[in-house]
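1. Below is the structure, and that's it, no one-letter string:
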């Protein structure tokens, strides 16, 4: 097992990464506040892993809350079910929520914890690659609105993050690939060596080679922890973690939540950000090809779906949390390993990207 | 105009109290972050005061959002309408929300501001006595759940509070009385002189004498500001502000939100807390009578509704944010002007109070 620390002063917390951690209650117990816990999972993950975790924590007689699976259920309505379950069982402010699942479960459990009785503690136990390398770390929580992804939420840091890499053994291939999009992101925005390592080791990762996978997860978590500890509330550098996300969110909203996986939409978004960066003269064509090639090898899309017209795509992009004074701001690349947030581009260039990166009908 | 400061370090803010303040945009403008504003009100208050405020702030071309009136609408569903309105108008993170109305509007606008895009600034412009002396100050925001009052929310401090006492001229008598319950509360928990002053000046207040009313509002706000600045997150003293509220919330949930006004339920709750305090030998019978007499003179109820059985009442009380390890904790009185939070009472004494303070069928 390896342990990283996310440094946020009094709100610092450990990120444990290793095999068989679900059964190690001693990792969780020191971070459980009060004497009640509620395990929140979804209908896909709960049948596989809930019992294991509940057994490890049986002294707490945990309450189990099972949500429907899929991004389309990341809504205020489903959030309310968590509150109903907690209130029905008279859970008080000394209750710790534990998120067992992917990004949707983690985001919703974290947001429920942020709001329940104006705030209770929570713990992240991510079971998808995407949640392990990205969503479970850094305290961004929330739900979607039909008009915009992750538009309602809170910053609420977990007490700890426990990443049991064994849970990836049951992850479907498409979900596994989706997680790789966020791994590639770290290489692109700030860790060019890691990007090179990924180019050389992608096959091992796709084979779920334990050593390669552990390294990739650790490296991703370390990058994320460094960025978040420097800029918790996204006043600056943290925005770079949204590389590909403004494009990606437009795809998710445009197609309807859950049609494409979040990581798939981000992969296409990264390729589109690279394309636009090239059009602006910032990124070499050779680097754009390296990016597209790596994503493609990971079975990820590098084009937007044909069903979204470029003008609609632009409209969907304009609902973005980085927008300022009506100006769309995007994370773009100056090189592999160097990104920036900018509104310094012509909308005509963006339209060219939207047209060029659209799948054929 | 008088101005108080709520001292919370970098999140400190002014509370302005006076006549004709709705038109004084110079009080608001320094606290508007960004260049967009959304005014949130309800269908009762908006027709009377929205135009006045919108005109004062016309340079911002404010978006208006009008909610239904009544505690029964303080829900996640209605909250979502605020998000829909903001997203439909492409409001970004540089948007300031302004709450114009009573406690329900302020609580919901504040919670919407806490969650919209993970947090935008907001301003409180309370138009009911209850909101002016209590709800608009201190950053408690949230919505109700059918199983418990204010169970979903956030601590989110406003940028400033602007109390235009002229708005009380249009307040119905029952709402005015409801606000007095919270005014009396400050006297009971920490300001015995103010309680004495209220006994001597209640008739003037009920006549809405400008000078007496301004003094009562100022004194209430000063008490609230002192408590909140000492204990923002309710780790200690702030809980005393909930005198009567655990009883009161049980009445509100038991009868259905909006049947009794919040302040009416709190008044009955204060009388019940006084009754229990007497049974425990802490409060003199003479003081209990003074409390009941003052509340009655203010046209407020001092008994729980007959339709809630004591056993049901107890059950409703157990869903309370002060509950710890399954033990109900209540704010009780040791004297007029001295309160404490305690679980040190026998449930039989509480049941006696619930039976004794129930209205006759």
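-> On my side now, so go ahead. Since the model is a prediction, treat every value here as computed from it, not as a measurement.

2. what's near enough to touch residue A:12?
-> Neighbouring residues of residue A:12 by C-beta atoms under 8 Å, 6 or more residues apart in numbering or on different chains: A:5, A:6. For glycine as for every other residue, the C-beta is placed from the backbone atoms N, C-alpha and C.

3. can you tell me how far it sits from chain B?
-> According to C-beta to the nearest C-beta, to the nearest Å, residue A:12 stands 19 Å off from chain B.

4. Kindly provide the distance from that residue to residue B:259.
-> Computed as C-beta to C-beta, to the nearest Å, the residue A:12 to residue B:259 distance reads 47 Å.

5. Check what contacts the helix or strand containing residue A:223 and list those residues.
-> Assignment of secondary structure by DSSP states H and E places residue A:223 within helix A:210-230. Under the criterion C-beta under 8 Å, 6+ apart, residues A:2, A:4-8, A:15, A:17-19, A:129, A:132-134, A:137-139, A:161, A:163, A:165, A:168, A:182-183, A:186, A:190-191, A:194, A:197-198, A:201, A:204-205, A:237-238, A:240-241 lie in contact with helix A:210-230.

6. Also stretch A:265-272?
-> Residues outside stretch A:265-272 that contact it (C-beta under 8 Å, 6+ apart) are A:178, A:180-182, A:184-185, A:188, A:243-249, A:251-252, A:291-292, A:295, A:298, A:300-304, A:353-354, A:357.

7. Buried subset of the residues you listed, written for PyMOL?
-> Typed into PyMOL, the line below selects the buried ones among the contacts of stretch A:265-272, using 16 or more other C-beta atoms under 10 Å in any protein chain shown:
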select buried, chain A and resi 178+180+181+182+184+185+188+243+244+245+246+247+248+249+251+252+291+292+295+298+300+301+302+303+304+353+354+357
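
8. Report the central residue of chain A.
-> With distances taken as C-alpha atoms, centre = their mean, the residue of chain A nearest its centroid is residue A:135 (3.2 Å).

9. what residues are up against the nearest residue to it once chain neighbours are set aside?
-> Among residues not flanking residue A:135 along the chain, residue A:103 sits closest, at 3.5 Å (C-beta to C-beta, 6 or more residues apart in numbering or on different chains). Residues in contact with residue A:103 (C-beta under 8 Å, 6+ apart) are A:126, A:128, A:130, A:131, A:134, A:135, A:136, A:262.

10. Columns pLDDT and secondary structure on top of the residues you listed, output as JSON lines?
-> Formatted as JSON lines, the entries for those read as follows, by pLDDT from 0 to 100; DSSP: H, G, I helix; E, B strand; the rest coil:
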{"residue": "A:126", "pLDDT": "98", "secondary structure": "strand"}
{"residue": "A:128", "pLDDT": "98", "secondary structure": "coil"}
{"residue": "A:130", "pLDDT": "98", "secondary structure": "helix"}
{"residue": "A:131", "pLDDT": "98", "secondary structure": "helix"}
{"residue": "A:134", "pLDDT": "98", "secondary structure": "helix"}
{"residue": "A:135", "pLDDT": "97", "secondary structure": "helix"}
{"residue": "A:136", "pLDDT": "98", "secondary structure": "coil"}
{"residue": "A:262", "pLDDT": "97", "secondary structure": "helix"}
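
11. which bits of the stretch 51-200 of chain A sit near chain B?
-> Of all the residues in the stretch 51-200 of chain A, those in contact range of chain B (C-beta under 8 Å from any C-beta of the partner chain) are A:76-77, A:79-80, A:83-84, A:87-88, A:90, A:92-94, A:114-119, A:140, A:142, A:145, A:147-148, A:151-155.

12. Out of those residues, name the ones that lie in helices.
-> With DSSP state H as the criterion, helices contain A:76, A:77, A:79, A:80, A:83, A:84, A:87, A:88, A:114, A:115 from among these.

13. returning to that earlier point: need the next SSE after the helix holding residue A:223, C-terminal direction.
-> Note on helix A:210-230: by DSSP H and E, the next helix or strand toward the C-terminus is helix A:245-255.

14. what separates the next helix or strand after that following helix from the chain centre, distance-wise?
-> Beyond helix A:245-255 on the C-terminal side, the first helix or strand identified by DSSP H and E is helix A:262-279. Here the centre of helix A:262-279 is set off from its chain's centre by 16 Å, with C-alpha atoms, centre = their mean, to the nearest Å.

15. I'd like to check the angle between helix A:262-279 and helix A:245-255, please.
-> Here the directions of helix A:262-279 and helix A:245-255 differ by 130 degrees (axes from the mean of the first three to the mean of the last three C-alpha atoms, to 10 degrees).

16. and whichever helix or strand comes after helix A:262-279, what other elements does it pack with?
-> Helices and strands here follow DSSP H and E; after helix A:262-279, the next one along the chain is helix A:285-297. When contacts are defined as 3 or more C-beta pairs under 8 Å, 6 or more residues apart in numbering or on different chains; DSSP states H and E, helix A:285-297 sits against helix A:173-190, helix A:192-206, helix A:262-279.

17. Buried deepest among those, which one?
-> Neighbour counts (mean count of other C-beta atoms under 10 Å in any protein chain shown) averaged over each of the helices and strands packed on helix A:285-297 peak at helix A:262-279, with a mean of 27.

18. State the mean pLDDT of the helix holding residue A:223.
-> Averaging pLDDT along helix A:210-230 yields 97.

19. what separates that helix from the chain centre, distance-wise?
-> Helix A:210-230 has its average C-alpha position 13 Å from the chain's average C-alpha position, going by C-alpha atoms, centre = their mean.

20. cool, and stretch A:162-178?
-> Between the centre of stretch A:162-178 and the centre of its chain there are 13 Å (C-alpha atoms, centre = their mean).
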